[in-house]
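*Asks:* need a structure here:
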Amino acid sequence: MVRTEARGYVSAVLIVILVGITMMIWLMDGNDVQVLEDGVYRGSAEGYQSEIVVDVTVSDGGIKAIEVVDHGETQGIGDAAFDEMIPSIIEAQSLHVDIVSGATASSRGLLSAVQVALEDD
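*Replies:* Numbers count the residues shown, from 1 in each chain. Here you go, the predicted model:
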């Protein structure tokens, strides 16, 4: 009888621990974009060859559009990274997206510029 009660107690504790770990992972992963006021926010950051300037459009509390306003990154490399990453950022509503291989500095510059735009709201 005591063994059965102990197993029940241990099972309950394990379930609580698993739920807690799951909640922590969920909170740390994915959606890192806070709820923002609607508007267009500008940010800039250094890329591989130049400063990358972006306008981030926020509507209904989420990122709806990202436009690269100015950059001097290598044509065909930097732009390709932007074209691939911008839809990913919008879909994920997060800056935790894959960077583009071969355009690492441009990718990081884009992510940093978007982050600056959202922080400066």
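
*Asks:* Only C-alpha atoms from now on, for both contacts and neighbour counts.
*Replies:* Will do.

*Asks:* What is the neighbour count of the closest residue to Val68 other than its chain neighbours?
*Replies:* Spatial nearest neighbour of Val68, chain neighbours left out: Val54 (4.4 Å); criterion: Cα to Cα, 6 or more residues apart in numbering. Counted with other Cα atoms under 10 Å, the burial measure for Val54 works out to 25 neighbours.

*Asks:* Regarding Val54, which helix or strand does it belong to?
*Replies:* strand 51-59 (DSSP states H and E).

*Asks:* and the residue nearest to Val68, what is it in contact with?
*Replies:* By Cα atoms under 8 Å, 6 or more residues apart in numbering, the contact list for Val54 reads Arg42, Gly43, Ser44, Ile66, Glu67, Val68, Val69, Asp70, Leu110, Ala113, Val114, Ala117.

*Asks:* which SS state does the first one fall under?
*Replies:* By that I understand Arg42. strand (DSSP: H, G, I helix; E, B strand; the rest coil).

*Asks:* Bridged to it, which residues?
*Replies:* Applying DSSP bridges to Arg42 gives these bridge partners: Asp55.

*Asks:* How many residues are close by it?
*Replies:* Neighbours around Arg42, by other Cα under 10 Å: 22.

*Asks:* Would you check that it makes contact with Ile52?
*Replies:* No. At 10.6 Å, Arg42 does not count as touching Ile52 under the criterion of Cα atoms under 8 Å.

*Asks:* For the residue most central in space within the chain, give its distance to Ile15.
*Replies:* Geometric centre of the chain, nearest residue: Leu95, 1.7 Å, by Cα atoms, centre = their mean. Leu95 is 31 Å from Ile15, where distance means Cα to Cα, to the nearest Å.

*Asks:* Before I go, just wanted to say thanks for your time.
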